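S.K.: what follows is a predicted protein model with its sequence.
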Amino acid sequence: MQYRPFGKTGKMVSTLCFGAMRLPKDHDESVELLRHAMDLGVNYLDTAMGYVDGESEVMVGKAVKGRRDQVYLSTKNPCWKDWSSGPWRERLETQLTKLDTDYIDFYAVVHDLRWKDYTEHFNQPGGGLEEAFKAKEEGLIHHLIMSSHDTPENMIKLIDEGFLEGMIVQYNLLDRVNEPALQHAHEQGLAVCIMGPVGGGRLAHPSERLAEMASAPVTSIPDLALRFVLANPHVTTALSGMNTMQQIDENVATCSREEPLSAEELQAIRNATEQSKALADLYCTDCRYCLPCPQGVAIPEIFSMMNYHRVWGLTDLAREQYAGLGPKNKEGQMNAEACVECGECEEKCPQNIPIREQLKESHAALS
């Protein structure tokens, strides 16, 4: 296993972090998986209060019992309903109990911290940030970090607040938009932990397009995806949600390789992804000016699915996602069949995309 510094903390973490979001519900099975990864050198486990129906932290706590000094734990405080200091502290104490530990090494002060919520709620008098500083002084938390799905620009503003020592953000072959935030965090001495290195499982789907990139010495598309992420000089570790022994063994093998992707291999992958991004932008740049659709048609989402199919060759994935649109969709997102061709979207589209025709094309390809 390879190890890298966790920012300026002086701690060394494995380049593979066990993301405990997708653990099996059976406690014994999950504990066995977690301990197997630890036996292979994984020393960083990441969880959250809501993972696995609220049981993930309990299972992680069981797994590290008797081995607490061998691993670093991170979890996240879900502030979505109450940002004030009292409830924030209560959630932290609940997590310490569930993890059966006296301290948390890397604590995401908010599960998905956004600049708007930070300025309007979390950093206000009586907000959770005050309690986070107190908890750190008391030794309940060793290092304050954030997880975030905000824009790269807003992540950079959060980094510049100066109290964070690490961050957990999305980054993978299919989504490189956060690269400026990764670089800025690294330059400011923060650890950069990547969630979704295999695209939330998307890159595990069969794709001839991606298979073309996965040439020797890369053994598979997930292997390529992990090595691409770890080849970024600003990245500390990759969080992988593993739920089988095989996944653990394969990912550990990838993260144990001393030789990185060569400059030529990495450049070839970057060139291919840039070409694919250019093709995708011809279809839709996801600016979302076309919304709202009077009929509820999920225009950007449909075109994103179409890009998985047309650009990346992830056709099975695209069709699975498209099948989730329609009257039963919990967010009310409709598929292209609901389009009545009113043309409102095309009037608002800055790209002048023939949206109505492309919706017909998408429905024919994905339905």
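M.R.: Received it, and whenever you're ready, just let me know what you need.
S.K.: for the chain, what spans make up the strands?
M.R.: All strands of the chain, identified by DSSP state E, fall at 3-5, 12-14, 16-19, 44-46, 72-76, 104-108, 141-147, 166-170, 191-195, 237-240.
S.K.: what's in contact with the third one?
M.R.: Around strand 16-19, the neighbours that count as contacts under Cβ atoms under 8 Å, 6 or more residues apart in numbering are 1, 34, 37, 42, 44-46, 193, 195, 226, 237-242, 248, 251-252, 254-255. For glycine as for every other residue, the C-beta is placed from the backbone atoms N, C-alpha and C.
S.K.: each with direction, which strands does it pair with?
M.R.: strand 44-46 (parallel), strand 237-240 (parallel) (DSSP bridges).
S.K.: nearest to residue 170, of these?
M.R.: For residue 170, the closest of the strands paired with strand 16-19 is strand 237-240, at 10.1 Å, according to Cβ to Cβ.
S.K.: rewinding a little: the contacts of strand 16-19, buried ones only, as a PyMOL selection?
M.R.: The following PyMOL line selects those of those that are buried, judged by 16 or more other Cβ atoms under 10 Å:
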select buried, resi 34+37+42+44+45+46+193+195+226+237+238+239+240+241+242+248+251+252+254+255
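S.K.: in the protein, which helix or strand is least confident?
M.R.: Ranked by mean pLDDT, DSSP states H and E, the weakest helix or strand in the chain is helix 208-213, scoring a mean of 67.
S.K.: now mean pLDDT too, for the strands paired with strand 16-19, in JSON lines please.
M.R.: Rendered in JSON lines, the data for these read as follows (pLDDT from 0 to 100):
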{"stretch": "strand 44-46", "mean pLDDT": "98"}
{"stretch": "strand 237-240", "mean pLDDT": "96"}
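S.K.: angles on the backbone of residue 165, please.
M.R.: With angles defined as degrees, to the nearest 10, residue 165 sits at phi -120, psi 0.
S.K.: typo on my end, residue 234
M.R.: Dihedral angles (degrees, to the nearest 10) for residue 234: phi -90, psi 0.
S.K.: quick one: the helices in the stretch 201-350 of the chain?
M.R.: Assigned by DSSP state H, counting those that start in this stretch, the stretch 201-350 of the chain shows helices spanning 208-213, 221-230, 245-255, 263-283, 299-310, 315-322, 344-348.
S.K.: dump those helices to TSV, plus distance to residue 118.
M.R.: Conversion of these to TSV gives the following (distance: least, Cβ to Cβ, whole Å):
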stretch	distance to residue 118
helix 208-213	36
helix 221-230	26
helix 245-255	32
helix 263-283	30
helix 299-310	26
helix 315-322	31
helix 344-348	31
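S.K.: could you say which of those helices is packed most deeply?
M.R.: Comparing the helices of the stretch 201-350 of the chain by mean neighbour count (mean count of other Cβ atoms under 10 Å), helix 221-230 comes out on top with a mean of 24.
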